[in-house]
Every structure is written in C-alpha cells, then in structure tokens.
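Engineer: structural data only, the sequence is not supplied:
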C-alpha cells in the first residue's frame, strides 16, 4: 500500500467536532493499510481573525511579520488534529512547514516551493505515524514564509509529488467538481472525472474548488488529484490526464464570474508597440488583465477592450490617464459578467462557439465580448442575465443528464 | 550603550492598545541609544484558551502536541509587537524560540535551556533592529519545546546572561516587589532593592512576582534584574547581590500562601531509612513537599508532618495508603495557611523567630508548624487568620515605614 496525501481546508476543521469527523476519515484510510500524510489549513475564520488583529495595528503590516503571525493558524490546527487522532488510539505527529522540509523562495506572502526535503516525513511514516503537516507555509533561509492564497492545496500537491503518493485527495465542503454552480442550476451534476486542463480553465473561471496553481503543479508532476467532500462519504471527482479518461466530453462544464469590469480604449495611435506598451504598463502595476480584444478599423488608429477585476478599476484608470493623457478615449463598464463553457472535446468539434452564441441569442442575452481558447469559450454578458445564461447553456449542452 | 533585555507578560500585551503602550516603553529605551531585546509572553488569556481547546479533545493530550499548540501564543504576540514598533517607525524583527537560538533539553512542557546560540540576535542588533523574542519556548533536535510555568521570565534571564546585557527588566502589572501583598496590607511599601536570596524566598512563598527558577538563574549568572510596572513609569525594584545593596534589613517582607494542606503520619516505624523512603516515594509521584517536621517521641516510632499544595492531597493519600497500609495513622488538614517573614539580615540577628512567635501569640493566632532557613521563618496558622497574621507582622516589623 502506498502513500496517500489528504488535504483538509479551514471549514473542514472549523471546530473540535469537525476535527473529530476529519480524524475518522483519516483513520479509515489508515485502517486500510495506507501511509497517510495529511495537510491542514487554519481552523475556519482563524486566518481572517489574525489578519484583522494585524490591521488594528497597521494598514500595511510588514509581510514578514504577517507570515510570522498567520502561520500560527495552521500550527494550531495540526497540533489539535494530531491530538484527536492520538485520542482515538492512532500514532500521529504534527509537523510545521519547516519541520516537514518545505523549502521556499525567500518571499513573504506568496512564496513558491523550491524543494521538499522528505527525510523527516519518511522517517515518521516508517515509525507508522500519521503525519500531519501545516499547509500554506514553508521555510526559506531560517525565515517562515507563506505560499499565498490556496496555499494549502499547493502544499498538498507538492508533498504528493515529492513523496510519489498514489493520490492527493482534496477535501472540501462540496462533493466534487460540478457541471456548473449547483446554487444557480438545480440539476447541476457532479463529474466523476475531469482533465487537468479542463479543471485549470474552470479554476481560472471562478469555479473555485481548487487553486489554479495547484492544478498546474498536479498536471506537471502527474499527481492524481481527487476532490471530495469532508462531510459526505462519496467518491468525488478525479482530476487526471485527458488520455486516461473514460470519455472526453465536448462541453464538461459552465462557469461564470460576476467580478468583471470591461475597459475600452478607443482611437489609440496604432504604433507597432502600442499593445505591448499598454499591457506591460498594466502588468507592472500588478493589474491582472483577463480577456483582450482589439480591432484596427483605421490604418493609424486601433480600439482595445479588455476585462479586469472590479477592484482594479481605480488603479487601471490612473495608469491609463498617466500613460495616454488626451491620446485616446477611455471608458469602462462594470455591468458585465463572464460566462464560459469548458470542454476538452472542443478541440476536435468545430462549431461549439457558434452553438453557444445561438443559445444565448435565442434566450435574448446580448454578447459584449468573446474570447476563445482550445478548450474554452468565454462571453461577456449583462451581469443581470449571467445566471440565466448559465442555466440555458447547461440545459442546451445537456449537462444535467446522465 | 549596552544591551537591555525587557520582558513583558501576558497582561502587558493583552490587546492591541496594551501592545501600543508596551511599544512606547521599548521605543523610549531605544531612543536613549540602547540595544533592545524584548521577550514577550502570549496575549492575556490566549494560552488558557489554547489549553481549553486541547482539553476539549483529550483529558491528557500528548505533551509534544501541547507544546506545538501553546507556542503559537507567543508567535502571535511577537509578530504583532514587531508590527506595532514598525508602524511607529522603528526597525523591529520578531524571532521564534528556534530562530533566536534558544536550545533546550528534549523534554516537553518543562524543558530547561541548555544553550543559547546568540548569532542571529547579535546579527539583527547589528542591523539596528529591536529584536522581539518569543518567551517560554525553545528547540531541541528540531522539535518545539516549552519551558513550563514562568517560562518567559526564564527566557529573558537566560538571554540577558548569554548576551551579557546591562540589565534584565521584568515588566509586570505591579510596580515592583512589596514588603507584603498590598491587597492585604494597606501600607505595604514598594522596595527599591532586594537580594537574590530574599527574592528567591519570597518567590517560593507565594509572592509570585517572578518565577523562582529565573531568580536562581539571575543569581547564578549575576544578571541584574529589575521588576517594574508596564502601566506606570516608576523605577521598580532592583534585585541584586546582597553585598552590593545599600542596606540589609533584618526583615524585608512578609509573604503568605493559602494553598497549603498539612499531612500528619503518626506512629511510623522508626527504621533508619523511613524518612528517605517516604519522601522518595512522594517525589517519584511528582508531589512537591514544602515544610517537613518530624519528632521521634518513642525509640521505635516517629511522627512526621509535612505540607503540600491542596491539589496534591488526592495522590498523596493514595501513595501513603499503598505504601504504609495499616502501619501508620494518616490524617490531613486543609484549614491552614503559611505565613513567612524573609530578610537577609536575619542571619546575624538572633531572636527574629522568637519575635515572630510573640507577635502572633499576642494577636491570638495559634502556630501549628514552624520551619526556618537562614533568611526566613515560616509558620502554619489557621487559614482564617492568615491575613490578620500578615498585617500584625508587617506592623510589628515596621515594614510600612520609610
């Protein structure tokens, strides 16, 4: 029997009772003869409480001290989970990021893992211990670092890769990955399997079950991922290589993102480096641009549209004002949402985008912007009609059926 | 200007406002040109909250996991204090026990410091940083350990010794060491200075300003200690070698301890090793025996009386039952309290004990047991009359006067 890595998020260990339920899940796997490495996040809202404390002191606390503060959250949950397993009669030991050998860049708040020294973990596994590792944290040159948002998923995948684990199971408060958001579409269906690339598109499109970085890492290291519920004992969704999937669907899921603002720059002078220049400037200000559409309707003038997060509109307008001044007209619209269909089978099925446009227009939903990738089509539609769009697409592509 | 070590307990950093007040105290010392190393405990009741969480899981959680859990308390307070100083414009850095090089035995819950590798702290001081160190914790063979009750005082004194600091200032919620408990005796007076030995006796006698172990360490390493208030800016009490004191008093202070149970063992067979045997057995069960009085009123029988903490009576009776069976009569009394006078000048002043007995008997307070050391006399009196005893002794030895 091989190594199984399990990751439990904050809501799964929010209180002592939840922690006991999690311990039972782990114990069951241990009883089946597997070696268990468990990655845990901080309990429930603990991280937010710590950040709130810091913000009572400073609007911009130093990122080193913030990491020092926040990493206590996982240290609390690993020790309590180890105690819970011990109380049930199992051998268990908790390890902080640095004890578990998780080495990172010397960057605070969003460090990348550079190496995992698995010596200590393997040593504890040999002693028949269940090893409980603090997620989200590592060490760089004797300094405590954190991996940023979604960091515990990243820790779990990196550990699974380093330990050559059979599987990395990500436990969440949902039963797996769905064809779309079950809160919006009643007959949304849980998927039994999905490819890394599909999951990556869905993760980037606002269906936040897994952090995109951890999906990328899993794909890169060929770690088999399973997303499953920490509340209900069901199989969950397997995330794996496309070629090992039983059947490849044309459309696997429908995602939506309400956090979209469109910016339009009209009558920009059409220099050869105009676009490169514009988007480099935005990138340097850490403004994350999603969709981009351009058209050169005249020889010396172009129009550019792009979408950003609602929160980035202030800095974006400031950058554009400083950069362009009177050179171009800038406008923006935050009444839009992004609706996307994702499916690995699109590559070999032409006309999927056309079908999407037809479904939306039949439903009276205008399309304000379109981008496509090999396995995805995204449309900006009015925010007020976004959920209707999700529903009609889910129905028309028959995702709710067996 | 040399290094000054300051230690702030949990009540001094109980919330963000208190932490800001503490930061001002540190800043003032820094502004005077000193290098500052600050040791902090966990905020307010944080440690108790963590212990409570653990006890929701297990009545006897593993001490390794308990240390893993509890050490997060200081890690929270050091990071917040560093942020507070940074927000005020000072360079500050927080260090956990292991980052600060505090090495201990591999024992959990009550490890002793074996070595302090001061490299990192000195390096940060050279960079003009105020160094904030987590008290109460250390590292042993890559494992996180704690020093047990009063551990932050121990950390501070050990750091002061290792860094050859000019002084180790212990900040508390009182203004210094008093002639007796100011809550009991209205005209109790703050002492400007006191010897290590006197402080040691007072610390052991229930006047809990400093943990005895840290006073011992300070004496051993000749660290000048100052106990002072974190709320009021007054000079506090200097604890130093007797020979460097301005004047040595016959009686320096009156202490009392209400947590006393007396155990009497009557008609014990008078073998040569009877006492050694009895008290070794108790020590093996971790029962801390304080006063001991014996009398051999017959050739082959002895009576033994000793005092213990109230909480230890259960295990004590169990041990005695198992050990002695029908061999001796055992009784106990928890209606007693210990009242003590302490003073380095007693050594050269005979009759101090006699004066104490006279004062108590004049006040109608019966004495049930007596022990003496070179600088202390302790009497067991009825618990109901303990505070009256403290008052009459304080008056009679004129401790409330200038």
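Structural biologist: Happy to help now that I have it. Since we're looking at a predicted model, the values are computed, not measured.

Engineer: any idea of the mean pLDDT for stretch A:177-197?
Structural biologist: Confidence for stretch A:177-197, expressed as mean pLDDT, is 90.

Engineer: tell me the gap between it and the middle of its chain.
Structural biologist: Relative to the chain's own centre, stretch A:177-197 is displaced by 15 Å; criterion: CA atoms, centre = their mean, to the nearest Å.

Engineer: same check, this time on stretch A:213-221
Structural biologist: 11 Å.

Engineer: residues contacting it, please?
Structural biologist: Outside stretch A:213-221, the residues that touch it by CB atoms under 8 Å, 6 or more residues apart in numbering or on different chains are A:150, A:153-154, A:156-158, A:160-161, A:168, A:196-197, A:199-200, A:203, A:223-225, A:239, A:241. C-beta coordinates here come from the backbone N, C-alpha and C atoms, glycine included.

Engineer: only whichever of these are buried, select them in PyMOL.
Structural biologist: The buried residues among those can be selected in PyMOL (16 or more other CB atoms under 10 Å in any protein chain shown) with this line:
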select buried, chain A and resi 150+153+154+156+157+158+160+161+168+196+197+199+200+203+223+224+225+239
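
Engineer: filter the contacts of stretch A:213-221 down to the ones in strands?
Structural biologist: The strands, defined by DSSP state E, take in A:168, A:225, A:239 from those.

Engineer: can you give me the helices in chain A?
Structural biologist: A:16-31, A:46-57, A:63-87, A:119-126, A:151-162, A:196-204, A:212-221, A:274-284, A:313-324, A:352-362, A:386-396 (DSSP state H).

Engineer: got the residues of the stretch 1-150 of chain A near chain B?
Structural biologist: A:16, A:19-20, A:50, A:53-54, A:56-58, A:61-62, A:64-66, A:68-69, A:71-72, A:75-76, A:78-80, A:82-84, A:86-87, A:93-94, A:96, A:99, A:120, A:142-144 (CB under 8 Å from any CB of the partner chain).

Engineer: ok, 6 Å please
Structural biologist: A:16, A:56-58, A:61-62, A:65, A:68-69, A:72, A:75-76, A:79, A:82-84, A:86-87, A:94 (CB under 6 Å from any CB of the partner chain).

Engineer: not counting its neighbours along the chain, what's nearest the most centrally placed residue in chain A?
Structural biologist: For chain A, the residue sitting closest to the mean C-alpha position, by CA atoms, centre = their mean, is residue A:211 at 2.0 Å. Once flanking residues are discounted, residue A:211 sits nearest to residue A:150: 2.5 Å by CB to CB, 6 or more residues apart in numbering or on different chains.

Engineer: so the one you found sits against residue A:209, correct?
Structural biologist: No: applying CB atoms under 6 Å, one finds residue A:150 not in contact with residue A:209, separated by 10.5 Å.

Engineer: what's the pLDDT at the nearest residue to residue A:367 once chain neighbours are set aside?
Structural biologist: Closest residue to residue A:367 apart from its sequence neighbours, by CB to CB, 6+ apart: residue A:379 at 4.7 Å. Per-residue pLDDT puts residue A:379 at 92.

Engineer: OK, contacts around residue A:379?
Structural biologist: Residue A:379 makes contact with A:339, A:367, A:370, according to CB atoms under 6 Å, 6 or more residues apart in numbering or on different chains.

Engineer: make it 8 Å
Structural biologist: Counted by CB under 8 Å, 6+ apart, residue A:379 has contacts A:338, A:339, A:340, A:356, A:357, A:360, A:367, A:368, A:369, A:370, A:389.

Engineer: which one (most neighbours) among those?
Structural biologist: residue A:339 (29 neighbours; other CB atoms under 10 Å in any protein chain shown).

Engineer: that one pairs with what?
Structural biologist: Listed beta-bridge partners, residue A:339: residue A:256, residue A:379 (assigned using DSSP bridges).

Engineer: ok, back up a step: wait, isn't the residue nearest to the centre of chain A in contact with residue A:202?
Structural biologist: No: the pair residue A:211 / residue A:202 is not scored as a contact, 11.9 Å apart, by CB atoms under 8 Å.

Engineer: now render the contacts of residue A:379 as a markdown table, adding pLDDT.
Structural biologist: Output for the contacts of residue A:379, formatted as a markdown table (pLDDT from 0 to 100):
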| residue | pLDDT |
| --- | --- |
| A:338 | 93 |
| A:339 | 94 |
| A:340 | 93 |
| A:356 | 92 |
| A:357 | 92 |
| A:360 | 93 |
| A:367 | 91 |
| A:368 | 89 |
| A:369 | 88 |
| A:370 | 89 |
| A:389 | 96 |
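
Engineer: quickly list what the residue nearest to residue A:224 when sequence neighbours are not counted is bridged to.
Structural biologist: Leaving aside its sequence neighbours, residue A:224 sits nearest to residue A:167 (CB to CB, 6+ apart; 4.8 Å). In this entry, residue A:167 is beta-bridged to residue A:4, by DSSP bridges.

Engineer: go on, the one 4 residues further on?
Structural biologist: According to DSSP bridges, the partner residues bridging residue A:171 are residue A:8, residue A:228.

Engineer: what bits of the stretch 51-200 of chain A have low per-residue confidence?
Structural biologist: Within the stretch 51-200 of chain A, the stretches with pLDDT under 70 are A:149.

Engineer: 80 instead?
Structural biologist: A:148-150 (pLDDT under 80).

Engineer: now the nearest residue to residue A:223 once chain neighbours are set aside: how far from residue A:154?
Structural biologist: Once flanking residues are discounted, residue A:223 sits nearest to residue A:160: 4.6 Å by CB to CB, 6+ apart. Counting by CB to CB, to the nearest Å, the gap from residue A:160 to residue A:154 is 11 Å.

Engineer: find the closest residue to chain B in the stretch 151-300 of chain A.
Structural biologist: Going by CB to the nearest CB, chain B is nearest to residue A:152 of the stretch 151-300 of chain A, at 16.8 Å.

Engineer: got a list of what the nearest residue to that residue once chain neighbours are set aside touches?
Structural biologist: Counting by CB to CB, 6+ apart, residue A:152 lies nearest to residue A:135, which is 2.9 Å off, once chain neighbours are set aside. Neighbour list for residue A:135: A:7, A:39, A:40, A:41, A:74, A:151, A:152, A:153, A:155, A:156 [criterion: CB under 8 Å, 6+ apart].

Engineer: ok, back up a step: which of the residues of the stretch 1-150 of chain A next to chain B are buried?
Structural biologist: Buried among the residues of the stretch 1-150 of chain A next to chain B by 16+ other CB under 10 Å: A:16, A:56-58, A:61-62, A:65, A:68-69, A:72, A:75-76, A:79, A:82-84, A:86-87, A:94.

Engineer: got the domain ranges for chain A?
Structural biologist: As given by automatic domain parsing, the domain ranges for chain A are A:3-173, A:254-396.

Engineer: most distant residue from the middle of chain A?
Structural biologist: Relative to the chain centroid, chain A (CA atoms, centre = their mean) has residue A:299 farthest, 41.2 Å.

Engineer: correct me, but that one touches residue A:270?
Structural biologist: Yes: between residue A:299 and residue A:270 there is a contact at 7.1 Å, judged by CB under 8 Å.

Engineer: and residue A:54, what does it touch?
Structural biologist: Counting by CB under 8 Å, 6+ apart, residue A:54 has contacts A:61, A:65, A:66, A:69, B:79, B:80, B:83.

Engineer: which among those residues gets closest to residue A:401?
Structural biologist: residue A:66 (47.8 Å; CB to CB).

Engineer: surely that closest one meets residue A:72?
Structural biologist: No: using CB under 8 Å, residue A:66 is not in contact with residue A:72, being 11.3 Å away.

Engineer: if we can go back for a sec, and the domains of chain A, which is most packed in?
Structural biologist: domain A:3-173 (a mean of 21; mean count of other CB atoms under 10 Å in any protein chain shown).

Engineer: how long is that one end to end?
Structural biologist: End-to-end span of domain A:3-173 (CA to CA, to the nearest Å): 24 Å.
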